[in-house]
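Engineer: here are the coordinates; sequence isn't available:
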C-alpha cells in the first residue's frame, strides 16, 4: 500500500513539475516576443555598449530560464551544475565586478566543473557495477 501511495505521489509531482515547466516556457516566449522591438533598436543604434550590455543581460536571463526548465523536466546533477555554471557566468560577464570577484567567479566555475566531472565518473562506475550485477543474476 505504501509503495502504491509513493508511486502516485511521484506521478503527481512529475505532473506538477511539467505544468510549472510549461508555465515558465510560456512566460519566456511572451517575454521574448515583447523584447523584439528592443532587439530591432539595438541593430539600428550600433555602437552603444550600454544598450548591448542590457541586451546581453536579457539573453543570459533567457538562457538561465531555459536551463531552469531543463532542470524542472529532468532534475539531475548534470542539469543542476549547468544552471549553476550559467548563473556564475552571467554574473561574471554582466556584472561590474572587481578583480577579486572575477577571480572568485572563475574559481567557482572551475570547482563546479571538477565536481560535475567527479560525480559523472562516480555515476558511470556505479552504473557499470549495476549492469554487472544484473548479468550475474
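Structural biologist: Perfect, thanks for sending it. The structure presented is a predicted model; accordingly, all values stated were derived computationally and were not measured. Residues are numbered from 1 along each chain as shown.

Engineer: low-confidence bits of the protein, can you list those?
Structural biologist: Along the chain, the parts satisfying pLDDT under 70 run over 42-43, 45-49, 123, 126-137.

Engineer: now do the helices in it.
Structural biologist: 2-34, 36-44, 49-73, 77-94, 99-136 (DSSP state H).

Engineer: quick one, what contacts residue 95?
Structural biologist: residue 101 (CB atoms under 8 Å, 6 or more residues apart in numbering). Heads up, the C-betas are built off the backbone N, CA and C, glycines and all.

Engineer: repeat that with 10 Å
Structural biologist: Residues in contact with residue 95 (CB atoms under 10 Å, 6 or more residues apart in numbering) are 57, 101, 102, 105.

Engineer: can you put the helices of the chain in JSON lines and add mean neighbour count?
Structural biologist: Formatted as JSON lines, these follow (neighbours: other CB atoms under 10 Å):
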{"stretch": "helix 2-34", "mean neighbour count": "11"}
{"stretch": "helix 36-44", "mean neighbour count": "10"}
{"stretch": "helix 49-73", "mean neighbour count": "15"}
{"stretch": "helix 77-94", "mean neighbour count": "16"}
{"stretch": "helix 99-136", "mean neighbour count": "11"}
